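Asks: just to be clear, the model below is a prediction. Sequence and coordinates:
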Number of protein chains: 4
Amino acid sequence: MKNTATLLISCPDQRGLVAAIANFLYTYDANIIHADQHQDIDQGLFLMRVEWDLSDFKLPIDAFPAAFQPIADRFTMYWRLKLSQNRSRMAIFVSKYDHCLEDLLYRFKSGELQCEIPLIISNHEDTRRMVEFHGIPFHHIEMTRENKVDAEARQLALLTEHGVDLIVLARYMQVLSADFVRRFPQQIINIHHSFLPAFDGAKPYHRAHTRGVKLIGATGHYVTEVLDDGPIIEQGVIRISHRDSVDDLIQKGRDLEKAVLARSVRWHLEHRILEYGNKTVIFD
Amino acid sequence: MKNTATLLISCPDQRGLVAAIANFLYTYDANIIHADQHQDIDQGLFLMRVEWDLSDFKLPIDAFPAAFQPIADRFTMYWRLKLSQNRSRMAIFVSKYDHCLEDLLYRFKSGELQCEIPLIISNHEDTRRMVEFHGIPFHHIEMTRENKVDAEARQLALLTEHGVDLIVLARYMQVLSADFVRRFPQQIINIHHSFLPAFDGAKPYHRAHTRGVKLIGATGHYVTEVLDDGPIIEQGVIRISHRDSVDDLIQKGRDLEKAVLARSVRWHLEHRILEYGNKTVIFD
Amino acid sequence: MKNTATLLISCPDQRGLVAAIANFLYTYDANIIHADQHQDIDQGLFLMRVEWDLSDFKLPIDAFPAAFQPIADRFTMYWRLKLSQNRSRMAIFVSKYDHCLEDLLYRFKSGELQCEIPLIISNHEDTRRMVEFHGIPFHHIEMTRENKVDAEARQLALLTEHGVDLIVLARYMQVLSADFVRRFPQQIINIHHSFLPAFDGAKPYHRAHTRGVKLIGATGHYVTEVLDDGPIIEQGVIRISHRDSVDDLIQKGRDLEKAVLARSVRWHLEHRILEYGNKTVIFD
Amino acid sequence: MKNTATLLISCPDQRGLVAAIANFLYTYDANIIHADQHQDIDQGLFLMRVEWDLSDFKLPIDAFPAAFQPIADRFTMYWRLKLSQNRSRMAIFVSKYDHCLEDLLYRFKSGELQCEIPLIISNHEDTRRMVEFHGIPFHHIEMTRENKVDAEARQLALLTEHGVDLIVLARYMQVLSADFVRRFPQQIINIHHSFLPAFDGAKPYHRAHTRGVKLIGATGHYVTEVLDDGPIIEQGVIRISHRDSVDDLIQKGRDLEKAVLARSVRWHLEHRILEYGNKTVIFD
């Protein structure tokens, strides 16, 4: 199991930035494993991700914030530091469609997703047996129009109790309340079954079929208060033809949804995503 | 140069359809080269394309309509017959962006597009030299808000004079009047630089950049009176990243537009497209 | 559950073929659902797949062979008839790598793969728990250089006992003996983790990494006596970069292997594949 | 027209590398536009590309080598410096197939390829008219088995006279002598019409058709003395089916060859490629 720190930075683009960061890390003998940066010329913005080995880093990691803050102040940086050994605690919300859930659980089991999964929440019982086969606690919280406020309160209590810092909506089929969303900024990932912004909202495969498109898509994105409008993390498409019925689109789309959601989640867990404005930079 | 006939049929799905058509063709010793069919189960529709060699077909092709009509009547068929030796007469409309035009001209020269190109019309002079290098008449018709009715009348006169039966808008950047469009049903192909229905209308690359999508697309479609809403013939996408500026999208998109438009035009010229409702079947 | 018959035909291309087949089916009131045909002009070969509803087909299906044989004789046809209700009986062979196995089991459970899975055979115990969770009998048959003849005999006994007519090698990592292969012509599907014919044989990801390719691939193919040389059913590729280590290739490749193998198996189960020479026609 | 310097570096991976380079550039007030780096953990190798604006760089660019060499020595760097205003001088070698040539010329004309094209050399007259339309000198040098040594000598004389530093083989169809190749290390780019290492050598489309592959590919690579074995720059594939004849493969392949070659050439011209071993890093 690796033992690294990842620093994510965004700030106004200025000369001397890279030198200052590189010198800081070199001072403490950081063995840099990956470094990637991006300059948005139009917006005058600098974004960076740097990951280094902690095994022989000479600054105790607890002392990092105090030591780094002067540089952050000098360049007006937004920054966050993530340690590979502090794994994200991910909850999965699921409805009856279980393909994305199964896919995530397989990737979790095989070590592809570096996280803990303290619980899975569903408004249906259908996936309980499979979740429990993987040894993960399953919580059934019924969700109706009438009980939505209560049900979300119960969800929140569970999430808080388990220290969850990432919620993945694996075809959850329920719209979260604005209040719920506000509590988890850039911490909720949804898979939408279209290439956004086309076919946002309900029944995208049916609408794609009606419109006669030649490609269908899927989009992994952070959830914001506006439905299907949050920062896009990843998208994919596959070719369809006139031979494909709506059911065929749904079947073909499943593979796409799984792949796009898995990449979105993995990049989040590996701290490869920086948001700016309503967009994302992916440091892959 | 091949000498074939292609029959396109659509009608309510019924038993005995294929037998009736196959028997008819066999009666006259047709040597079938390609046959393809599609059943839309939901709509109870049957669509077919069959192409055969005319060199030893025993029915004089002029006599085909009278001979085939009884079968067409029996099954309430819409049908059309196309001969490879009656090549389509294609006009290209272009503005200043010349990448699709150059691409089409290269494919024409190399024999990939089986058609005549009696003329090219532009509202700018920029592409004249290149068009004339290919030995094709170039017509400059200025187009302003004020002269639009007149200018379209001049275009129509030229199209009629040259017997044009296909108009390709190769990044023409002008909206055709509804009256103009009505004269060429399923005879005008446009390339739109987005994956419709996303980013229909103006400046799709700019809007794609603003939205932060991870794929950009292009759509070849028939032009109808509603802007960017006609039957889709072909679509493609390519991956972009945060590193791509709007100019990069425009550059990457050029290759996509060329490829998608070329396929759309080729399928039309080879009589591989059947429209139904607002959709297309592509018999490739 | 649908109740259809699928007829697969290959024969020398001749006039009157389609008429003869269509007339035969029409005689018994066949309601054709899909029909697709292909002519290989170079080889003078005709290949066809036609699927029809049996619910109101007027010929008892047991009487089909006798009724159809005169047509088959007239045109020197190779043909086979498959009924949707006689599901294939598929065995899966697996080693320690379980991603393809899990993927196939999920698709089986969700109804995407129309077959029975009477047993799964592995030379390791690793996947037993997961297989048994799905309620499928798991057989562990150790396989060493020394016991190979015996072990294959035990496999064969099980396959015979369970009436298996399709064997899927889901990253089985063992080479089958020529004798074993000969007993299952076009009935063994393997997934090879490269775009054949590149990197046939052992360790394709390592060799792809060493060669510095920019795409890696996977190939689903029928197994013949020559290693990695059988008729190709399906292939896919994904983009890699210099950032990807061999382990990254292996991880990215897993998704590709799953998708390519699943399509290969599905097409086989739906009787969409016709082999000719060392190639396949896929009637999708 | 931009005025930048691009520094490409490869050396053993060591701590302090990035700090040393960043400090050096900051000392002279470099306004960094792009920076990208890669560490090959297995080989302990560090590779970097950094591009900065020269308009307010405080070190005269002529003085760069002397100023930078101490850092290069300290870290045992291989490095090269490229100025955007010293454009590459590219010769194109072509045979009768003109699709890649036309594509490159269009991209050159439209400003996508930042280079000079002082001459085009062909062993056939076919492309002369088109080349001269673009205002580029065309040299016809016949090439036979008998005159190969002489013909290459004439080519070399022209390349030397025009200061050529990049040769693009745009479907040239002739094998260069080892002696010729040795004079232009990493300066000759070829497009091979297969996904190497599959189908290296002659007639790859015919062999792909015979093998029955489901994808065809193209590979842009540097030419070395071993045929089709040099470092791969870029690859692409497209899907084919049983419906495609060899001629269809050739036609579909043309679009792929154009796209893959154009990307390979553009990355070279923008100094985005670093070779190591027999592989490339692409800093896109």
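Replies: Received it, and whenever you're ready, just let me know what you need.

Asks: okay, buried residues for the helix or strand hosting A:Arg154 please.
Replies: Element membership of A:Arg154 [criterion: DSSP states H and E] is helix A:148-161. For helix A:148-161, the neighbour count (16 or more other Cβ atoms under 10 Å in any protein chain shown) marks A:Ala151, A:Glu152, A:Gln155, A:Leu158, A:Leu159 as buried. For the C-beta atoms, the positions are set from N, CA and C on the backbone; glycine is no exception.

Asks: and if you look at stretch A:79-87?
Replies: A:Trp79, A:Lys82, A:Ser84, A:Arg87.

Asks: quick one: find the helix or strand in chain A with the lowest mean pLDDT.
Replies: The helix or strand of chain A with the poorest confidence is strand A:31-40; it has a mean of 92 (mean pLDDT, DSSP states H and E).

Asks: which other residues reach that strand?
Replies: A:4, A:13, A:18, A:25, A:45-53, A:55-57, A:276, A:281, A:283, B:242-243, D:15, D:18, D:32-37, D:39, D:41 (Cβ atoms under 8 Å, 6 or more residues apart in numbering or on different chains).

Asks: which of those residues are buried, as a PyMOL select command?
Replies: Buried members of the contacts of strand A:31-40, defined by 16+ other Cβ under 10 Å, are picked up in PyMOL with:
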select buried, (chain A and resi 4+13+18+25+45+46+47+48+49+50+51+52+53+57+276+281+283) or (chain B and resi 242) or (chain D and resi 18+32+33+34+35+36+37+39)
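
Asks: got the residues of the stretch 151-284 of chain A near chain B?
Replies: Residues of the stretch 151-284 of chain A found near chain B (Cβ under 8 Å from any Cβ of the partner chain) are A:195-199, A:211-215, A:217, A:231-237, A:241-243, A:245, A:277-282.

Asks: which of those fall within helices?
Replies: A:Arg211 (DSSP state H).

Asks: chain C next: which of the residues of the stretch 151-284 of chain A next to chain B are close?
Replies: Counting by Cβ under 8 Å from any Cβ, A:Arg243 from these sit close to chain C.

Asks: in ChimeraX, select just the buried ones from the residues of the stretch 151-284 of chain A next to chain B.
Replies: Listed next is the ChimeraX selection for buried residues among those, using 16+ other Cβ under 10 Å:
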select /A:195,196,197,198,199,211,212,213,214,215,217,231,232,233,234,235,236,237,242,278,279,280,281,282
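
Asks: thinking again about what came up before, which of the buried residues of stretch A:79-87 fall within strands?
Replies: A:Trp79, A:Lys82 (DSSP state E).

Asks: so can I have TSV of the buried residues of stretch A:79-87 showing pLDDT and distance to A:Met130?
Replies: Compiled in TSV, the buried residues of stretch A:79-87 are given as follows (pLDDT from 0 to 100; distance: Cβ to Cβ, whole Å):
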residue	pLDDT	distance to A:Met130
A:Trp79	98	40
A:Lys82	97	30
A:Ser84	96	29
A:Arg87	97	23
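
Asks: which members of the buried residues of stretch A:79-87 are the farthest-apart pair?
Replies: A:Trp79 and A:Arg87 (20.3 Å; Cβ to Cβ).

Asks: which stretches of the stretch 51-200 of chain A form strands?
Replies: Using DSSP state E, counting those that start in this stretch, the strands of the stretch 51-200 of chain A run over A:78-83, A:88-94, A:115-122, A:138-140, A:166-169, A:188-192.

Asks: out of these, flag the one nearest C:Lys109.
Replies: strand A:88-94 (15.7 Å).

Asks: export only the CA atoms of that closest one, formatted as CSV.
Replies: The C-alpha trace of strand A:88-94 is given here as CSV (Å, rounded to 0.1, in the frame of the first residue of the first chain):
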residue,chain,number,x,y,z
SER,A,88,-12.0,8.4,1.2
ARG,A,89,-15.1,7.0,2.8
MET,A,90,-17.6,6.4,0.1
ALA,A,91,-21.3,5.7,0.3
ILE,A,92,-23.2,4.4,-2.7
PHE,A,93,-26.8,5.3,-3.3
VAL,A,94,-28.7,2.9,-5.5
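
Asks: next, the buried residues of that strand.
Replies: A:Ser88, A:Arg89, A:Met90, A:Ala91, A:Ile92, A:Phe93, A:Val94.

Asks: quick check: beta-bridge partners of the second one?
Replies: Put plainly, it is A:Arg89. A:Glu116 (DSSP bridges).

Asks: is the nearest residue to A:Trp79 once chain neighbours are set aside bridged to anything, and to what?
Replies: Spatial nearest neighbour of A:Trp79, chain neighbours left out: A:Ile9 (4.7 Å); criterion: Cβ to Cβ, 6 or more residues apart in numbering or on different chains. A:Ile9 has these beta-bridge partners by DSSP bridges: A:Met48, A:Trp79.

Asks: mind listing what A:Ile9 touches?
Replies: Contacts of A:Ile9 (Cβ under 8 Å, 6+ apart): A:Ile21, A:Phe46, A:Leu47, A:Met48, A:Arg49, A:Val50, A:Met77, A:Tyr78, A:Trp79.

Asks: got a list of what the last one touches?
Replies: If I follow you right, that is A:Trp79. A:Leu7, A:Leu8, A:Ile9, A:Ser10, A:Phe68, A:Ala72 are the contacts of A:Trp79 under Cβ under 8 Å, 6+ apart.

Asks: can you check the fifth one too?
Replies: In this structure, A:Arg49 makes contact with A:Thr6, A:Leu7, A:Leu8, A:Ile9, A:His34, A:Ala35, A:Asp36, A:Gln37, A:His271, A:Arg272, A:Leu274, A:Phe283, judged by Cβ under 8 Å, 6+ apart.

Asks: same deal with the second one?
Replies: With contact taken as Cβ under 8 Å, 6+ apart, A:Phe46 is in contact with A:Ile9, A:Ser10, A:Cys11, A:Pro12, A:Asp13, A:Gln14, A:Leu17, A:Gln37, A:His38, A:Gln39, A:Asp40.

Asks: helix, strand or coil for the third one?
Replies: Just to be clear, that refers to A:Cys11. Look at A:Cys11: counting by DSSP: H, G, I helix; E, B strand; the rest coil, its state is strand.

Asks: what's the burial count for it?
Replies: A:Cys11: 18 surrounding residues under other Cβ atoms under 10 Å in any protein chain shown.

Asks: correct me if wrong: it contacts A:Tyr78.
Replies: Yes. With contacts counted by Cβ atoms under 8 Å, A:Cys11 reaches A:Tyr78, the gap being 6.5 Å.

Asks: element containing A:Lys2, please.
Replies: Here A:Lys2 is assigned to no helix or strand, by DSSP H and E.

Asks: ok, now which ones touch it?
Replies: Counted by Cβ under 8 Å, 6+ apart, A:Lys2 has contacts A:Asp53, A:Ser84.

Asks: against chain C, how distant is it?
Replies: Going from A:Lys2 to chain C by Cβ to the nearest Cβ, to the nearest Å gives 12 Å.
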